[in-house]
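Student: got a predicted model here, sequence first, then my questions.
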Amino acid sequence: MFTIRRFAKLAVVFNNNARQQNLRTKYSSTATTTTITEHTQPNKPYPLDGIRVLDLTRIVAGPYCTMILSDLGADVIKIERPGSGDESRKWGPPFVKNSKDSVYFLANNRNKRSCCIDLKHGADILYDLARKCDVLVENYIPGKLDEYNLGYAHISQVNPAIVYCSITGYGAVGPYAKRPGYDVIAASMGGLLHITGAENGPPSKVGVAVTDLATGLYAHGAIMAALLQRMKTGKGQKIDVNLLSTQVASLINVASNYLNAQKEAKRWGTAHESIVPYEAFKTKNGYLTVGTGSDLQFQALCDYLNIPHIPTDPKFINNAQRVKHRAELISILSDIFIDETSQHWMSLFENAPFPVGPINSIAEVFDDPHIKEIGLVKSLSHPTGGEIKVVGPPVTYSDSSNTARTAPPLLGQHTDEILRDILEYDDAKINDLRTRNIIQ
């Protein structure tokens, strides 16, 4: 009896292995790709080499924008308040070893130089710097910098060619213009929290400040476009970017559903409103997210799961029907996925033609062999903290550099260097400014 059972078990394993091999052969691609990384061509030029950015931003959206510019080679001069600096320096714990700076600050401020100037009493220094800069980025409440004579009207008189980018919570006009803005507030008012979270649960904040990040990306793109236009006209201009408008624009299909079909959105957890299956499934030891964006991909999924009859069922024959009969189909798939580990399924789906991946912890993300192979994490030497690690730029160029080069600066680390080398202030003037607490 034992022998018969053991033989039957071996036969099942053999048949499953053979089926998996047939599926891998059926769905695997023979195409080859060439991956371009920053290491393929050493000493490549930086696209923004020679561009100087006057950075009057704090927190996330603005610093993220200017960090992208710095990765591309721009000389970013981070203007900070003497004594305290960027508020995110205090957003800890955790903090950098042997430093008062938070590790949060490390995430958005590499490749920059810190120069401490009191904006209220140091407008003349800012004018001198603006004359030497191509771009100014700021994220104060509209009108605040005008009080210090540092708004666009004043700076453009000093340098008509400067690209002046204002990042605000709600823009320069409208009833909310004077309100302070944070990511989670814009995400709340812009609908993101309403559509995020478990289907029958409360609204939920996204795990990172995606509204800030999207705003920083929009600002970066707008600055690049304005620099291109300046090449044609020789003139600078003012750019207004704000969190709320960015968030509403980022609603994409959810906004389109409402504007064109008057369909109000709801929370779906990990599921997709318009595509089924497209969500996370519980496995024996974790969760696996599977997406099938076409009928062919759904058929392939069912082949891999050894349920080839499912795609022929009229209830599941196309995506519209699968959406209609979502609960029944998800129940069928859930009962299958729960029986094996995430590792088992990922091994089975290795060459599958549909997107699939485990829900990784952060530790698992950085232990992932692909993340390691592409060298996304960079080590930098911090002035006081020793070696620190940052996530480098996700974009690579065939003929240009885009890299993390220097650690985020200490508060006021480069004040004297900038005033001396760029503005040619002598030691007597620098010492006088420091004595009057205008600089640090």
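Tutor: Yep, it's here.

Student: got phi/psi on residue 386?
Tutor: When read as degrees, to the nearest 10, the backbone of residue 386 gives phi 70, psi -140.

Student: again but with residue 239, I slipped
Tutor: Backbone torsions of residue 239, given as degrees, to the nearest 10, read phi -120, psi 130.

Student: list the contacts for it?
Tutor: 163-166, 219, 222-223, 226 (C-beta atoms under 8 Å, 6 or more residues apart in numbering). Bear in mind the C-beta positions are built from the backbone N, C-alpha and C, glycine included.

Student: partner residues bridging it?
Tutor: According to DSSP bridges, the partner residues bridging residue 239 are residue 165.

Student: can you give me the helices for the stretch 51-200 of the chain?
Tutor: With DSSP state H, counting those that start in this stretch as the criterion, the stretch 51-200 of the chain has helices at 61-71, 103-106, 123-131, 144-147, 152-158, 183-189.

Student: buried ones in the second one?
Tutor: By neighbour count on 16 or more other C-beta atoms under 10 Å, the buried set for helix 103-106 is 103-106.

Student: same deal with the third one?
Tutor: Applying a neighbour-count criterion of 16+ other C-beta under 10 Å, the buried positions in helix 123-131 are 123, 125-130.

Student: let me have the helices of the stretch 51-200 of the chain in CSV, extended by distance to residue 241 and mean pLDDT.
Tutor: Converted to CSV, those look like this (distance: least, C-beta to C-beta, whole Å; pLDDT from 0 to 100):
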stretch, distance to residue 241, mean pLDDT
helix 61-71, 8, 98
helix 103-106, 22, 96
helix 123-131, 19, 98
helix 144-147, 15, 96
helix 152-158, 13, 98
helix 183-189, 12, 98
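
Student: tell me which of those approaches residue 348 most closely.
Tutor: Residue 348 lies closest, by C-beta to C-beta, to one member of the helices of the stretch 51-200 of the chain: helix 183-189, at 37.1 Å.

Student: which secondary structure elements does that closest one contact?
Tutor: Using 3 or more C-beta pairs under 8 Å, 6 or more residues apart in numbering; DSSP states H and E, the elements in contact with helix 183-189 are helix 210-233, helix 243-249.

Student: return the distance of residue 413 relative to residue 440.
Tutor: Look at residue 413 and residue 440: by C-beta to C-beta, to the nearest Å, they are 10 Å apart.

Student: meant to ask about residue 63
Tutor: Taking C-beta to C-beta, one finds residue 63 at 19 Å from residue 440.

Student: more neighbours, the two?
Tutor: Comparing residue 63 with residue 440 by other C-beta atoms under 10 Å, the one with more neighbours is residue 63, at 29 against 19.

Student: wait, isn't that one in contact with residue 86?
Tutor: Yes. Look at residue 63 against residue 86 with C-beta atoms under 8 Å: they come within range, at 7.0 Å.

Student: overlap in contacts of the two?
Tutor: With C-beta under 8 Å, 6+ apart, residue 63 and residue 86 have common neighbours 78, 109.

Student: and residue 45, how many residues sit next to it?
Tutor: The local packing of residue 45 (other C-beta under 10 Å) involves 11 other residues.

Student: related to what we said a few turns ago, most neighbours per residue, which of the helices and strands packed on helix 183-189?
Tutor: Among the helices and strands packed on helix 183-189, helix 243-249 has the highest mean neighbour count (mean count of other C-beta atoms under 10 Å), at a mean of 21.

Student: what's the offset of stretch 326-345 from the middle of its chain?
Tutor: Distance of stretch 326-345 from the chain centroid (C-alpha atoms, centre = their mean, to the nearest Å) equals 31 Å.

Student: actually stretch 336-350, not the one I wrote
Tutor: Centre-to-centre, stretch 336-350 and its host chain are 29 Å apart (C-alpha atoms, centre = their mean).

Student: follow-up on the earlier one: for the contacts of residue 239, work out which two are farthest apart.
Tutor: Largest separation among the contacts of residue 239 by C-beta to C-beta: 166 and 226, giving 12.4 Å.

Student: you'd agree residue 83 is up against residue 440?
Tutor: Yes. Residue 83 is within contact range of residue 440, at 6.6 Å (criterion: C-beta under 8 Å).

Student: overlap in contacts, the two.
Tutor: Common neighbours of residue 83 and residue 440, counting by C-beta under 8 Å, 6+ apart, are residue 116.

Student: I'd guessed residue 136 sits against residue 165; true?
Tutor: Yes. Taking contacts as C-beta under 8 Å, residue 136 lies within contact range of residue 165: 7.1 Å.

Student: now do the helices in the stretch 201-350 of the chain.
Tutor: Secondary structure of the stretch 201-350 of the chain (DSSP H, counting those that start in this stretch): helices located at 210-233, 243-249, 252-261, 295-304, 319-324, 326-337, 342-348.

Student: right, and the ones you listed - which one's nearest residue 280?
Tutor: Across the helices of the stretch 201-350 of the chain, residue 280 has its closest neighbour in helix 326-337 (9.5 Å, C-beta to C-beta).

Student: kind regards, and thank you for your time.
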